[in-house]
Structures are given as C-alpha cells and as structure tokens.
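Undergrad: one predicted model, sequence on top.
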Amino acid sequence: MTLKTHEKKRIEIMIEAAALHRIIEVLDRFGVTGYTVLPALAGRGMSGDWQRDDAFGDTARIVSVVCITDPSKEEDVLLATKDIVERYIGIVSVCDVKVLRSEHF
Amino acid sequence: MTLKTHEKKRIEIMIEAAALHRIIEVLDRFGVTGYTVLPALAGRGMSGDWQRDDAFGDTARIVSVVCITDPSKEEDVLLATKDIVERYIGIVSVCDVKVLRSEHF
Amino acid sequence: MTLKTHEKKRIEIMIEAAALHRIIEVLDRFGVTGYTVLPALAGRGMSGDWQRDDAFGDTARIVSVVCITDPSKEEDVLLATKDIVERYIGIVSVCDVKVLRSEHF
Amino acid sequence: MLEIAQQNLISPMVLFFALGLFASFVRSDLSIPEAIAKTMALYLMMAIGFKGGVELSGSGLSATLFAVLIAGAVLSALLPVIGFGLLRATSGLSRVDAAAVAAHYGSISIVTFVAATQALATAGLEYDGYMIAVAAVMESPAIMMALLLAKRANEASPTDGQGTHIGREIFFNSSVLMLTGAFLIGYITGKPGLETIAPFIVDPFRGVLCLFLLDMGLIAARGLRSGLGKLSMPVLLYGLYMPLVGAGAGAGAAMLIGLSAGSAALLITLSASASYIAVPAALRLALPEATPSIYLTLSLGITFPFNLAIGIPLYIWLAEVLT
Amino acid sequence: MLEIAQQNLISPMVLFFALGLFASFVRSDLSIPEAIAKTMALYLMMAIGFKGGVELSGSGLSATLFAVLIAGAVLSALLPVIGFGLLRATSGLSRVDAAAVAAHYGSISIVTFVAATQALATAGLEYDGYMIAVAAVMESPAIMMALLLAKRANEASPTDGQGTHIGREIFFNSSVLMLTGAFLIGYITGKPGLETIAPFIVDPFRGVLCLFLLDMGLIAARGLRSGLGKLSMPVLLYGLYMPLVGAGAGAGAAMLIGLSAGSAALLITLSASASYIAVPAALRLALPEATPSIYLTLSLGITFPFNLAIGIPLYIWLAEVLT
Amino acid sequence: MLEIAQQNLISPMVLFFALGLFASFVRSDLSIPEAIAKTMALYLMMAIGFKGGVELSGSGLSATLFAVLIAGAVLSALLPVIGFGLLRATSGLSRVDAAAVAAHYGSISIVTFVAATQALATAGLEYDGYMIAVAAVMESPAIMMALLLAKRANEASPTDGQGTHIGREIFFNSSVLMLTGAFLIGYITGKPGLETIAPFIVDPFRGVLCLFLLDMGLIAARGLRSGLGKLSMPVLLYGLYMPLVGAGAGAGAAMLIGLSAGSAALLITLSASASYIAVPAALRLALPEATPSIYLTLSLGITFPFNLAIGIPLYIWLAEVLT
Ligand SMILES: Nc1ncnc2c1ncn2[C@@H]1O[C@H](COP(=O)(O)O)[C@@H](O)[C@H]1O
Ligand SMILES: Nc1ncnc2c1ncn2[C@@H]1O[C@H](COP(=O)(O)O)[C@@H](O)[C@H]1O
Ligand SMILES: Nc1ncnc2c1ncn2[C@@H]1O[C@H](COP(=O)(O)O)[C@@H](O)[C@H]1O
Ligand code: NA
Ligand code: NA
Ligand code: NA
C-alpha cells in the first residue's frame, strides 16, 4: 500500500454508564485527544446479564467507549482504566489500527 | 510495553435482531463468558439495505454482537455462528486484541 | 486453526450524521458490498465535545460506519473518505480482521 | 358508498398517511423515531383492547360472541390455504415464500382494523366490543397454518430446539398480549375503569393514529421504492385481489352468524387485511428462508394502502348491503 | 379496609402492572422502549410536582407544612439506621450491602406515592399539596445516611475527587430536580397556570400511569426471575416487613403532627416505600462495592408489588383508623 | 407592556425553560431522550400547522394572505443580507461564518413562534391562521441567500453533485414538510377534521410545549457553557440587536400590509427569531466550513432565551402600538 498510514491503538472500554465520567477523566488526564461513546442494548459478563429496556436509570447499562490513541499513551490509559473497571463493572481491550492523519490522534 | 497483556480474539457478529437469541445460545454453548450487543441504525449487505426508523419490529434490524474471548474458543464459535448467519442475515469477523485481566474472558 | 479464513480490512469511520450520505456514496463508488451504521451517544475530538441528548438535528451527532472489505479496496476507500472527514467532522481507522465467507465481502 | 369513500379519503388519517408517502417519495429526512413508532403501536392496541373489553363487560357474553370468535379462528387458518393455492397456481413463488405471504393475509392488521372503527364512527355505525377479541384471535392461527404449508418443502430444517421461541413469538408476541391483556383489563374494570383512563386512551386516540399513519406512509413508501421492482406481476396482483377474497369469506361468515352491519364490516376488514408487524416477526424466526422483501412489500406497500383508501369504505358498504 | 383493597386490586393501574408481570413470566417480547419509560417517569414527576405546588399556592404556608417537612427528612435519615440494624442482626449481608439496602427503604418510591394518591381519590380522601414537597425532601437524606453507615467498613476508598459528582447525584438528580422544579413552578403559576396545562398533566395522568406500571411489571418480573435465587430468606423477608416498620414510623409521625387522614396515608406510604430509581443510581456511583441485584430485586421485585397490591390499602386504612 | 412581560415571565412555559437552564448549570443528569425531543418538535409543527390550515379554511383566501406570504419570503431573503453586512462590518467573522450566522436570523424559530401564539392567547389577541403558512415560507429563502453570500468566498468548493441533497434539505426538510403538510391537511379537513383530533393537537399542546421548553433550556445552557467563551463581544451583541433589527423590518412590513395586531405581532416575532433546527442542519451539509458553535450558541443560547423572556412581550406591545 502506497498510502502513508500511522500505527495507533484502538482502546475499547465497556463500562457501566454510571462510571463513564470516571473513564473520561482518565482519558483527559493522559491527554487523549478524542473518544466516542456508543450505546449498548444488552450484554453479559461476570456480574450477570442486563438489557437496556428492562433496566432503570444507569444502574446496569453498559456503554462502549472507543478511543483511538497513540501507542505511547496505551500503557497509562490501560493501567488507569483497569482500576476503574475493577471497581465498577466493565472490561477493556486494545487492538492495532492504522490511521491516515497522525496529528489528529 | 511492560504491562502484562494477554492475547484474545474479538469476534464481531452483525446479525438480524430476530436471530440474536440463536447467537447467544451458541455463545452459551461454548462457555463464552461475556458479550455485548450494540444497536445499529442502518446498513447494507447482500440482502439489501435497511434503516432502523423505517422498519417494523425485528424483521430487518441488525444488531452487532461483540464478544471478546479466548483464542481456544474462536474456531468453535466461528463455525457455529457461520451456520446461523448463513441461514439468517448477517456477517462475522474476528480481530486480535489484547486484554489485561486474562481470567475475566 | 484449521478453519479456512480470509484476511479483510475493517474500516471504521466516525462521521457527523449530516455527512453520512457522502461516506455511503464513496462506499458505493468503490463497490464496497456492505456496511453497518452504529449510533453514538457522545464524544470528543478536535472540534469539541458533543452529546446526543443535548444536540439538535444532525448538526453535531456522530455515527460510526463499520465496513468490512477486501484489502484491495482499502486504499481507494481511505483516500476518498479522508477528503470527507477533513471537510466535515470525523475520523477514519482500519484494522485487520478475518472472515469465513470471503465471497460475502 | 361513494360518500363513505370520499369522507374516508379526506379524513385526517388518510391524509397524514398520504403525507408520509409524499415525504418519502421526495426523500425528505422526515422520520418518526423507532421508539415512538413502537410505543404508538402499543398504545393503539392498549386503547382498542381496553375499549373492546369495556364494551363487552356492558353487553355480556352471548352465543354470537362465541360463534364469531370461532369464525375468526377458522378464517385465519383457512385463508392462508386459499392464498397459498392461488399463489402457487399463478405466481412462480417457492413453496416457502408462498406460505409466508399467505400467512400475512390470513392474519390481520390491527391498524387497518382501527382505521375501520374510525370510519364506522364517521359513518354512524355501531359495532360490538367483542370484535376486538376476534382481532386478537385471528392473529396467530394463520402463522401456524403457514408453517404447516411450508413444512412439506422444508421437512428437515427448522425448529431444532427453537420450538418454544417460535411458540412464544406466535402466541405471546407483544401485539397479541397487549390486545388481549388490555381487553381483559377493560372487561374486569368496565365503565368505571374506562372513565379513569379515557383522557389517555379515548380522547387523543385519533390524533395519535394520524401521527402513526404518517409513519406508516413513510415506511410503506420506502418498502415500495425498494421492493416493488422485485415483485412479479402475479405476486403484485395478489396484493390487490387477495383482500377481496378475504373480504368475501369474511362477509359470508358475517352473514351466517348474523352480525350487525358495523360488526360485519369489521369482520370483513379483518379478513381482508394483511399483517405487517406480528407475522413478519414470527416468520423471520420460524421461516428464515422466506424472503422478507416479498411479503413486506406486498402487505405493507400494496394491501395496506389499498385497504386504507379503497378497501374500508368498500367493506362498510358491503356490510350495509348484506345485513 | 377490604373494600379499599379490593377496589385497589381491580384498578386498571394494578392490573396493568400484573399484565407486565405476566408478559415477563411467559417471556413475551413485550417491552417499552427505554426512552419512553424515562420520559413517562419525568412526566409523572412533572405532573405530581406541579399539582402539589398549585395546591400549596391555594392553601398557603403553615406550621404543619414545616413540621411534616422536617418529619419527612428525619424519617428518611432514621429509617436507614433501623433497617441497617435489622439487616445486620438477621441477615448475613456485608456492612456495605446492608447500608445500600437500608438507603432504599429510607428514601421513597414516587410511583408508589402516585399510586397512593390515585387510591385516595378512589376512596374519596383529600390530601394536602405539600405532601409532594415532603416526597421530594425524603429522597436524599437516606442516601447520605447510608454512606455514613457504610463508611466505617470502607474507610479508605471512595470519593477521591468524586465528591461533587456524588453530591450532584444526591441533590440534583433528575427525580429531585423535576419534582421540586415542577412544584415551584406550580406554586408560582397557581391555578391559572394549572388550567393552561391541565389537559397534559392532569387528564391523561392515570392512563400514562397504567402504561408506566405495565413497564414496571415487566422490569420487576425480570428482577425477580434473575435475582430472587440470590437472596437469602432473611433478606427476602426484610422486603416485606421493612415497609411495615416504615409505615409504623410514618404513622407515628403523622399522629404527632396531626395530619388529616389523606395526608397521613401519604406520609405512611412514603415511609413504607422503597426507592428504585434515584437511590440505585446514586449508590452505583458512591458505593460501587454494594451489589445491585440485592437492593434492586428487593425494592423493585418484592416491596414495590407488595405496596402496590397490599400496602397502599393497608396504609389508607391505618390512616383512617388513627386520625 | 410591563404587564404582558410579567405575565410572560411567570408563564409555565418560560419557567420550565428556566428550570432547564438551572438543571444544566448545576450539572444535573436531567435530560430528555433525543427520540422524545424530536417527536415533540414534530408534534408542535403538526399541531400548529393543522390549526393554521383549519383557520384559513374558515376565513378563506384573501389579498392580505398573499401580500404577507410575499412579505415573509422577502424578509427571509433580505434579513440575511443586512445581518451579513452588520457582522462583516462589526465582527471579525469570516465571510462563510458571517453568512451562516446571518442565515439563521433570516429564517425562523417555530418554537419562538409557538410561544408567541401562546402569549397572544394570554393577552387576548387573535391572529390569522395563514400566519403559520408565513412561518413555513420564511424557513428556506434565508438559507439560499446565505449560500449565495458565502459563495463569493468559496467559489471552488461545495456541491459537487450534492445539489439535490442540499435542495432537499432546504425545501423538504422535516420542519417545512410537517408544517406545510399539516397546514394543507388542516385546510382540507377544516373544522370537522380538527374536532376529531383536537384532544391530541389542541388540548395538551401547552403542556407538551412546557416539556419541550424544559429540554430547550437544557440544550441552550449547554450551548452557553461550551460556546460562550468562543464568541467575541461584537458577535455576542449581534445575538441581541439583530432580533430587534428583524423586528423593526417585520413591523414595517406588517404596517404596510395592514395586518391586525395579533398577526403583526407574529410577523414581527418571525422576523426577530432565529432558526436553530432547520438551518443548522441544512448548513452543516451545504456549508461545512462554517463553525457550528458560533451560530448555534448565538441563535439558541442568546437569541432564543432573549426572545422568549423579553422579545415576545416587546413585539406584542409594538404590534399593539403600531396597528
Ligand atoms: N468477553 C466480553 N466480551 C464483550 N463484552 C463483555 C465481555 N465481558 C463483559 N462484557 C460486557 O461488559 C459488561 C460487564 O462485564 P462484567 O464486569 O464481566 O460483568 C457485560 O455486561 C458486557 O456487556
Ligand atoms: N461488509 C460489511 N461490512 C459491515 N457490515 C456489513 C457488511 N456486510 C453486511 N453487513 C451488515 O450485515 C447486514 C446483513 O448483511 P447481508 O447478510 O450481506 O445482507 C447488512 O445489512 C449490514 O448491516
Ligand atoms: N481519537 C478518537 N477516538 C475515537 N473517536 C474519536 C477520536 N477523535 C475524534 N473522535 C470522534 O469523532 C468526532 C469528530 O472528531 P473531530 O473531527 O476530531 O472533532 C468526535 O466528536 C468523536 O466522536
Ligand atoms: Na386477513
Ligand atoms: Na421509605
Ligand atoms: Na428571523
């Protein structure tokens, strides 16, 4: 491929909505420039299963935070979010992605 | 990176909502510990295009099932979901991810 | 793994809803067979932050377009979407995925 | 008859449906959020069910009631057989697709039913409350019959442990449950119950129906745009003549039982109408091999507008002539 | 008392709740979209708040008003202490879980409150508008008290800069804000204000409540299905006797202050009811170590249906006997 | 004038807007789901459009009607030119941003319009039904004019095959379509049509407006919080004086045509109001180089609250004085 691309990390954090602001505080703290929050409908994990239309308020609702960031920030972000997903309900995973406009991330 | 991470697989299944319970039965059957279902708004594929606000009931609505699981379960899950997405409407793909808490998946 | 899989690219485009049809025109133009549009709830980027329930119309709402396609189409699609995300608001990233039914993509 | 037809065509209901069609054809971004559309559908069923139950609690049970319930179940089960035969004879549809389409026409469209009750009110005709129970009864038998019809082609496949899921989808789907549940609650609480919630389920009913039909117009037009090209002429015609076949059967049953004009018009409408909510959902699960674009385009794009604009006045007129 | 109980059990409200339970137990796909459920909850608080404010603007401020506001705050803060003690003594719940559960029973369920006002209307009893202010006042103290109770076990952990977030969640959560805000607006605009929006907040109120309770039934049943097995018998029993403990305390306070029968019934109901919206949301943030399935199953699955079906008539009867 | 202003400030509408502002400033989690907000906006346009059409069907077409429709279109096209000139002269905004902001003030805010009709009702003034058609007519010309104004700066870029999309967005956007469509349906079905759906579109109208304005308050406050700092003083002031410029122009046109006080007040309000739904959506597509935070903060954060609290009583007073 002749197009110049840059290696970044795509961090995906599934977290209960009530603790979303804590994740965002972490992303802020480490100077992550962008993120997107996607809603979820239902799910299952160690703490049981849930369904959006059957739950009340934020108690059990999960959202997915997608954050594409520079590999240099990966470790910091992972460590800090790990603390949160351990205390609240959630999981974190990372995969490799390529982007075109490196300066944007 | 000094942080200890573990290799897992992120299986993403786009499936019509009517057949979601079949996918979940498969995940259950193979002891997959967790998954998250995300809603979709619109899409296109071999069977034509669809839009959430223009459709009725579950007929043509697609949801995305994200499941992070151990590589050892990848093949079983893929084979079983393939049967379903072939009979109903949907697609499956897999990518490599890293996680911190291996025991959680 | 004994199962025959095929290497594809998963292109993920976060784009403001108002410009979604432009992205889809690009996907059409290059013969991409399928895509799925996921809604987002909130986010932050170079152009500031936004929240779905606090915004009006399509102005600032972001959607995520996921498109699994053949590596041969990657470059064309990336170049064309780059133009759009630069003019409108959005980002693009690509990761490697595997699928079972190659002919479906 | 022309007068009813004219009144019907310039009713706010039909005009809002037309607005929806128009908006979709000019590709406006007008759309009703899915959550709202779903809730309006539940609301319409809650309201119509409750009112039916209250009516019945006033009039009490009767032999006619049981006769018409049985007639409804039989119509729902038999119309798919007729429709299946017609489709197999005239169109090139596969066994599975023909069975799926036929199921829709055996079952009913609650929105068409509701529109007919409104047209009856405009025409000054009364109907019996139990007709709503008939609507509920007619939802499901058609689905089972279609599964039987499709089975011969499809011996080996489905169910594999899916039986309970499909059974639930057929008998406890949200339409049937809301309609029957609200009907029973209306029956139990009667007039006093109705009075407490009338400002919610009676007064704004027609207005909500207008908004709902706007959405139906949007969806029907989209169905037409994308699906019409894929239907062969015999299939397309089926969407126009099958309602009349159903209407004929319903009219016969109504005469046999000796229903009043209003109730007869509703039984005819139910027989003539085609499902586009409950049946597609159930079939998608039970008969995934059938092609949704065929049955949806037909029932929602062709038959629903036909019934709304032309069918309903015709059925009312028929009922008045025959009773 | 039996008459009130019977009227209550066959009210559309309770029957729609039962329909929701039933639908969930037969695993129907019936569901109310989250956006609608949330809006209905806001609507109920807007309506009840506004009406309360209007009432108060008619009757004016009084010593009784302040007495009952204070009583409400005290009950909300003290009931968790009692509940905490009972739970620690009888069940094996951890300090944190016991505090979390106790918080729910100190706080209030606005839907139970609303259902009680409807039952009062049916029973022909009047209540004072300021009782809605009491409801608002009782929402939050229980949460703070529970945090104190849990603290001892949990010295090191929470808050770390979360204080403001949690404070907002406790005092400016959407329930409290909508209730208090609408109350103030009702108080300011008075009867003339009410007239302009009565067709929205007064007339359809009961109907909306029915639809809302249908959803509550669906959710409560799901909670029961998934959570019941995880509760030990003493915890389960707490969900049944704690409302009665609360009712007793509320009744005592009502007698001390000398409330009218209607207002007393509402104070008793508030004390007896358990939160399942505001408190879970606040605790999830402030006390994530507590197990949601315990407190949600208990307050929504056990106590809410108990109050709706049996508690409310009992509390009205109690109020009538005592005043 | 002071009396109208005072009545306006303590109307439930304005107070619920203030509640929304407050909730956002204390960072409460109060929010109205997007699906509901969107549906309420459609509802308001459906209701106001329908009632306007019914009014017109009663009064019939007249020369004044055409005069005011033309006046509306001219105002909508010319005000952006004036606004653009003012912005370019006083603020440092780029050509594109200035054109985008100007477009918003040429177009109209239907919610401001609706609030004005409510204030007229309170003040006991009548207005002509066709004013709603004027509102619909004024939505779009401003957008086209702004595109022309921006063009000179931006010769090379946009459209490239986007013409039809943008055209649709300008003429068939959901606001225009719902307003015009409901207007026509109201015109066709007239009073009898209105009677059938009045309990949906007339009676609860003000209550829905209150809930909608609560949401507007939440959104406006958020806009202010995040966008205010980015606006220079001249731009900020534009949000306060441009409504008055528009009001002046509208008042002139109203006097020329010889409108009644009520209708004049509405024409003035339309000219003074700034769009924050249709125009942002269209411009985002047609002029993506313009900065949304500038025009949104200005029209929704500054001008909308200004009109709601101060402008409307002022415009009514102006109309009464001038006619
Ligand atoms: N392996 C997984 N793959 C995808 N989503 C998961 C997985 N595990 C957990 N989740 C999501 O994260 C939520 C909380 O997980 P847990 O903390 O394990 O209960 C679940 O309800 C799921 O929505
Ligand atoms: N290549 C693709 N990339 C992303 N989503 C796809 C793709 N192909 C299909 N889909 C999604 O899966 C649904 C069903 O696909 P199909 O079975 O090909 O009709 C489509 O409507 C899309 O929402
Ligand atoms: N690094 C990122 N990771 C994930 N989403 C992003 C990122 N940057 C931007 N976005 C999303 O794309 C939108 C537009 O980005 P921007 O053009 O940078 O303002 C943001 O509001 C986010 O929703
Ligand atoms: Na039928
Ligand atoms: Na309590
Ligand atoms: Na204007």
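TA: Everything's here; your move. Numbering: from 1, shown residues only, chains lettered A, B, ... in the order given. Ligands and ions are numbered 1, 2, ... in the order given.
Undergrad: any regions of chain A where pLDDT drops low?
TA: A:1-2, A:55-59 (pLDDT under 70).
Undergrad: what about residue A:82, distance to residue A:15?
TA: Separation of residue A:82 from residue A:15 (C-beta to C-beta, to the nearest Å): 12 Å. (C-beta placed from N, C-alpha, C; glycine too.)
Undergrad: one more: residue D:42?
TA: 31 Å.
Undergrad: name the helix or strand for the closest residue to chain A within the stretch 1-150 of chain D, please.
TA: Closest approach between the stretch 1-150 of chain D and chain A, counting by C-beta to the nearest C-beta: residue D:35, at 9.4 Å. Using DSSP states H and E, the element containing residue D:35 is helix D:34-59.
Undergrad: and that helix, how far from the chain's centre?
TA: For helix D:34-59, the separation from the chain centroid amounts to 14 Å (computed by C-alpha atoms, centre = their mean, to the nearest Å).
Undergrad: avg pLDDT for the helix or strand that that helix is followed by?
TA: Going down the chain from helix D:34-59, the next helix or strand is helix D:63-90, by DSSP H and E. Mean per-residue pLDDT for helix D:63-90: 95.
Undergrad: now do the buried residues in stretch D:253-269.
TA: Neighbour counts over stretch D:253-269 (16 or more other C-beta atoms under 10 Å in any protein chain shown) mark D:253-254, D:257, D:259-269 as buried.
Undergrad: may I have the distance across it, first residue to last?
TA: Using C-alpha to C-alpha, to the nearest Å, one end of stretch D:253-269 lies 12 Å from the other.
Undergrad: could you do stretch D:298-310 as well?
TA: One end of stretch D:298-310 sits 16 Å from the other (C-alpha to C-alpha).
Undergrad: so where do the strands sit in chain A?
TA: A:6-16, A:35-39, A:42-45, A:48-51, A:62-69, A:90-99 (DSSP state E).
Undergrad: as JSON lines, those strands with mean neighbour count would be great.
TA: Output for those, formatted as JSON lines (neighbours: other C-beta atoms under 10 Å in any protein chain shown):
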{"stretch": "strand A:6-16", "mean neighbour count": "21"}
{"stretch": "strand A:35-39", "mean neighbour count": "22"}
{"stretch": "strand A:42-45", "mean neighbour count": "21"}
{"stretch": "strand A:48-51", "mean neighbour count": "17"}
{"stretch": "strand A:62-69", "mean neighbour count": "24"}
{"stretch": "strand A:90-99", "mean neighbour count": "22"}
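Undergrad: okay, those strands in CSV with distance to residue B:52 next?
TA: Shown next, in CSV, are those (distance: least, C-beta to C-beta, whole Å):
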stretch, distance to residue B:52
strand A:6-16, 22
strand A:35-39, 13
strand A:42-45, 16
strand A:48-51, 18
strand A:62-69, 18
strand A:90-99, 26
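Undergrad: who in the stretch 151-300 of chain D is up against ligand 4?
TA: Contacts of the stretch 151-300 of chain D with ligand 4, taken as C-beta under 5 Å from the ion, map to D:246, D:273.
Undergrad: the same query, at a cut-off of 6 Å, please.
TA: Contact residues (C-beta under 6 Å from the ion) of the stretch 151-300 of chain D with ligand 4: D:246, D:270, D:271, D:273, D:274.
Undergrad: with just CA atoms, put stretch A:33-44 into PDB.
TA: What follows is stretch A:33-44, C-alpha atoms only, in PDB (Å, rounded to 0.1, in the frame of the first residue of the first chain):
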ATOM      1  CA  THR A  33      -7.500  13.900  22.200                       C
ATOM      2  CA  GLY A  34     -10.700  12.100  21.200                       C
ATOM      3  CA  TYR A  35     -13.100   9.300  22.100                       C
ATOM      4  CA  THR A  36     -16.600   8.200  21.100                       C
ATOM      5  CA  VAL A  37     -19.200   6.600  23.300                       C
ATOM      6  CA  LEU A  38     -21.500   4.100  21.800                       C
ATOM      7  CA  PRO A  39     -24.700   2.800  23.500                       C
ATOM      8  CA  ALA A  40     -25.300  -0.900  24.100                       C
ATOM      9  CA  LEU A  41     -28.500  -2.800  24.100                       C
ATOM     10  CA  ALA A  42     -27.800  -5.900  26.200                       C
ATOM     11  CA  GLY A  43     -24.900  -7.900  27.400                       C
ATOM     12  CA  ARG A  44     -23.500 -10.500  29.800                       C
END
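Undergrad: the stretch 51-200 of chain D: helices as residue ranges?
TA: D:63-90, D:95-106, D:110-123, D:131-138, D:141-151, D:163-171, D:174-201 (DSSP state H, counting those that start in this stretch).
Undergrad: can you redo the strands of chain A as TSV with distance to ligand 1?
TA: Shown next, in TSV, are these (distance: least, C-beta to the nearest ligand atom, whole Å):
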stretch	distance to ligand 1
strand A:6-16	4
strand A:35-39	11
strand A:42-45	2
strand A:48-51	6
strand A:62-69	4
strand A:90-99	5
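Undergrad: the residue sitting nearest the centre point of chain A: what's it in contact with?
TA: Compute the mean C-alpha point of chain A, and by C-alpha atoms, centre = their mean the closest residue is residue A:13, 2.8 Å away. Applying C-beta atoms under 8 Å, 6 or more residues apart in numbering or on different chains to residue A:13 gives the contacts A:23, A:64, A:65, A:67, A:81, A:85, A:90, A:91, A:92.
Undergrad: mind redoing it with 7 Å?
TA: Residue A:13 sits next to A:23, A:65, A:81, A:90, A:92 when contact means C-beta atoms under 7 Å, 6 or more residues apart in numbering or on different chains.
Undergrad: what is the burial count for the residue lying closest to residue A:98 once chain neighbours are set aside?
TA: Closest residue in space to residue A:98, ignoring its immediate chain neighbours: residue A:5 at 4.0 Å, by C-beta to C-beta, 6 or more residues apart in numbering or on different chains. Counted with other C-beta atoms under 10 Å in any protein chain shown, the neighbours of residue A:5 add up to 17.
Undergrad: and the gap between residue A:5 and chain F?
TA: Here the criterion is C-beta to the nearest C-beta, to the nearest Å. By it, residue A:5 lies 25 Å from chain F.
Undergrad: please report phi then psi for that residue.
TA: Here is the backbone geometry of residue A:5 (degrees, to the nearest 10): phi -120, psi 160.
Undergrad: which ones are touching it?
TA: With C-beta under 7 Å, 6+ apart, residue A:5 has these contacts: A:98, A:99, A:100.
Undergrad: for residue D:141, same thing?
TA: Neighbour list for residue D:141: D:73, D:76, D:77 [criterion: C-beta under 7 Å, 6+ apart].
Undergrad: show me which helix runs longest in chain A.
TA: helix A:71-87 (DSSP state H).
Undergrad: nearest residue to residue 35 in space, please, no chain neighbours.
TA: No chain was given, so I picked chain A. residue A:67 (4.1 Å).
Undergrad: that was the other one, I meant chain D.
TA: Distances taken as C-beta to C-beta, 6+ apart put residue E:33 closest to residue D:35, at 3.6 Å, once the chain neighbours are dropped.
Undergrad: likewise for residue D:51?
TA: residue D:186 (6.4 Å).
Undergrad: which positions in chain D make contact with ligand 5?
TA: Counting by C-beta under 6 Å from the ion, chain D has no residue next to ligand 5.
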